[in-house]
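Student: Everything below, folded, please.
(chains A and B)
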2 protein chains.
Amino acid sequence: MEEIRFIDLKECILSDNNDLAEEIRAGLKKSKTFLMNIMSSPGAGKTTFILDMIRRLKSDIRMAVIEGDIESRVDAEKIQAEGIPVVQLRTGGDCHLDAAMIKEALSCLDMEKLDLIIIENIGNLVCPAEFDLGANLQSMILSIPEGDDKVIKYPLMFSVCAALVVSKIDTKPYFDFDAEHLRANARRLNPSLEIFEVSAKTGQGMEQWCGWLENCIADFIK
Amino acid sequence: MEEIRFIDLKECILSDNNDLAEEIRAGLKKSKTFLMNIMSSPGAGKTTFILDMIRRLKSDIRMAVIEGDIESRVDAEKIQAEGIPVVQLRTGGDCHLDAAMIKEALSCLDMEKLDLIIIENIGNLVCPAEFDLGANLQSMILSIPEGDDKVIKYPLMFSVCAALVVSKIDTKPYFDFDAEHLRANARRLNPSLEIFEVSAKTGQGMEQWCGWLENCIADFIK
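Tutor: Reported below is the predicted structural model:
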């Protein structure tokens, strides 16, 4: 009797995804375009953060945005109003973006004319962390109102990111948020994690963040 | 030549899940135990909300909690400290609970001695909405800091719930949150949705919520 063969579908999916992600990264290297993936919970402030970055950087850096959304196009329209190219990826129910979607989105952009492409992922602290999109920088936003205990609850997200942006820092007086507790837990899991505190509303910390990102891009292009 | 047969794996998974959910609901009817599923983004305040409910209701109602968590057991320990039975479901990476997990959890509880079981789902506004857990009440929490635009971005979640709890209402002065906009959008999608505004921190709205829930349970037991 023949042996039963087991196929791990998730492993297959992730392996195919990783191959595509490597292909994307090779293309980015060639065109000298820096691709940044931003992940967070729903409502952590990804769009507001991206809009503030665009306003600060667009005169120096040629940018575009890939907007992931399950259903709506409201975020893409806000980006479009800033006058930079935007590709909307409507997943129609899927809870994360994958490398195939990003490949499709990149084919709509003129890579040779772009220094930076920002991906706004689906609002979700779980599934997006599993999918390599070919990005040169994995980053996440955690907002003050979400609480300082998220590292132990969503460890994969904190592990795969190189940068953590703590957002809505202007609301800190109204929440019990122990920033030291967050830092200690995050660095225990991911010692090289860069941590920033910002408020896209008041502008606090945004200059420091943008300076760091510009250095990352300069290093990549070199 | 034989035809190619397509198997929609997701459809299979959801169909198996729905069968199990019906089985769970039949068991609950028999033991007269009301099962409530609470879903939300990470950090919307599910645990704080549940703890406040427990304190208000435990002298009248025999309760237990099923705690969904990807990795940690901090929430389960907080519930345990209130002296009520708690089952911890550690999904080890999975982004939602399913009916099989709930069946397993229920087998650890003495259903005949319980009026209410609360499920704290994984913090995620996307995937948990797809899985019927056999609950008698589907509910969700949306916190003020997440913003009033979530209905159009996560429509399935708002569609499958019978109750929406708007939490952290005490922080409203610090955020641009248009409650009317939220209500209008939510009711357009789901006209029978019951909407509550609460602050588990100050207690505002909690009595009204608990009263409504007690009525639901009384109707169910009748």
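Student: contacting residues around the longest helix seen in chain A?
Tutor: Once chain A is assigned using DSSP state H, the helix that runs over the most residues is helix A:9-31. Residues from elsewhere that reach helix A:9-31 (C-beta atoms under 8 Å, 6 or more residues apart in numbering or on different chains): A:34-35, A:98-100, A:102-103, A:106, A:111-112, A:114, A:130-134, A:136, B:9. Any C-beta I mention is one placed from the backbone N, CA and C, and that applies to glycine too.
Student: Now that helix: average pLDDT?
Tutor: Taken as a whole, helix A:9-31 has an average pLDDT of 89.
Student: Relative to the whole chain's centre, how far out is it?
Tutor: Centroid separation for helix A:9-31 versus its chain: 16 Å, with C-alpha atoms, centre = their mean, to the nearest Å.
Student: CA atoms of it as PDB?
Tutor: Output of helix A:9-31 as PDB, limited to C-alpha atoms (Å, rounded to 0.1, in the frame of the first residue of the first chain):
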ATOM      1  CA  LEU A   9      -0.500  24.000   2.300                       C
ATOM      2  CA  LYS A  10       0.600  26.900   4.500                       C
ATOM      3  CA  GLU A  11       4.200  26.000   4.000                       C
ATOM      4  CA  CYS A  12       3.700  25.800   0.200                       C
ATOM      5  CA  ILE A  13       2.000  29.200   0.200                       C
ATOM      6  CA  LEU A  14       4.700  30.800   2.300                       C
ATOM      7  CA  SER A  15       7.500  29.300   0.300                       C
ATOM      8  CA  ASP A  16       6.000  30.500  -3.000                       C
ATOM      9  CA  ASN A  17       5.500  33.900  -1.400                       C
ATOM     10  CA  ASN A  18       9.200  34.100  -0.300                       C
ATOM     11  CA  ASP A  19      10.400  33.300  -3.800                       C
ATOM     12  CA  LEU A  20       8.300  36.100  -5.200                       C
ATOM     13  CA  ALA A  21       9.500  38.400  -2.400                       C
ATOM     14  CA  GLU A  22      13.100  37.700  -3.400                       C
ATOM     15  CA  GLU A  23      12.300  38.500  -7.000                       C
ATOM     16  CA  ILE A  24      10.800  41.800  -5.900                       C
ATOM     17  CA  ARG A  25      13.800  42.700  -3.800                       C
ATOM     18  CA  ALA A  26      16.100  42.000  -6.800                       C
ATOM     19  CA  GLY A  27      14.000  44.400  -9.000                       C
ATOM     20  CA  LEU A  28      14.200  47.100  -6.300                       C
ATOM     21  CA  LYS A  29      17.900  46.800  -6.100                       C
ATOM     22  CA  LYS A  30      18.200  47.300  -9.800                       C
ATOM     23  CA  SER A  31      16.000  50.400  -9.900                       C
END
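Student: Please identify the buried residues of it?
Tutor: A:Leu14, A:Asn17, A:Leu20, A:Ala21, A:Ile24, A:Arg25, A:Leu28 (16 or more other C-beta atoms under 10 Å in any protein chain shown).
Student: element containing the most centrally placed residue in chain A?
Tutor: Taking C-alpha atoms, centre = their mean as the criterion, A:Ile38 is the residue nearest the geometric centre of chain A, at 1.3 Å. In the assignment (DSSP states H and E), A:Ile38 maps to strand A:34-40.
Student: Pull the distance from that strand to the chain's centre.
Tutor: For strand A:34-40 - counting by C-alpha atoms, centre = their mean - the centre lies 2 Å from the chain centre.
Student: What's the PyMOL line that selects buried ones from the contacts of helix A:9-31?
Tutor: Under the burial definition 16+ other C-beta under 10 Å, those of the contacts of helix A:9-31 that qualify are selected in PyMOL by:
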select buried, chain A and resi 34+35+98+99+102+103+106+111+114+130+131+132+133+134+136
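Student: The contacts of helix A:9-31 in strands, which ones?
Tutor: By the criterion of DSSP state E, membership of the contacts of helix A:9-31 in strands covers A:Phe34, A:Leu35.
Student: Among the contacts of helix A:9-31, name the ones in helices.
Tutor: Short answer: the contacts of helix A:9-31 in helices (DSSP H) are A:Ala99, A:Ala100, A:Ile102, A:Lys103, A:Leu106, B:Leu9.
Student: wait, which of the residues you listed is closest to A:Leu164?
Tutor: For the ones in helices among the contacts of helix A:9-31, the closest approach to A:Leu164 (C-beta to C-beta) belongs to A:Ile102, at 21.8 Å.
Student: my guess is the closest one contacts A:Leu133, does it?
Tutor: Yes: judged on C-beta atoms under 8 Å, A:Ile102 makes contact with A:Leu133 at a distance of 4.7 Å.
Student: Name the nearest residue to A:Glu146, ignoring sequence neighbours.
Tutor: Excluding its sequence neighbours, the residue lying closest to A:Glu146 (C-beta to C-beta, 6 or more residues apart in numbering or on different chains) is B:Gly43, at 2.9 Å.
Student: Test my guess that the one you found contacts A:Ser40.
Tutor: No: the criterion here is C-beta under 8 Å, and B:Gly43 misses it with A:Ser40 at 10.4 Å.
Student: Identify the contacts common to these two.
Tutor: With C-beta under 8 Å, 6+ apart as the test, B:Gly43 and A:Ser40 both reach A:Ser143.
Student: follow-up on the earlier one: Provide a list of residues in contact with the residue nearest to the centre of chain A.
Tutor: A:Ile38 touches A:Lys46, A:Phe49, A:Ile50, A:Ile118, A:Ile119, A:Glu120, A:Asn121, A:Ser139, A:Met140, A:Ile141, counting by C-beta under 8 Å, 6+ apart.
Student: which neighbours do A:Ile102 and A:Leu133 share?
Tutor: The contact sets of A:Ile102 and A:Leu133 overlap at A:Ile24, A:Leu35, A:Ile119 (C-beta under 8 Å, 6+ apart).
Student: Nearest to chain B, out of those residues: which one, please.
Tutor: When the shared contacts of A:Ile102 and A:Leu133 are ranked by distance to chain B (C-beta to the nearest C-beta), A:Ile119 comes first, at 16.4 Å.
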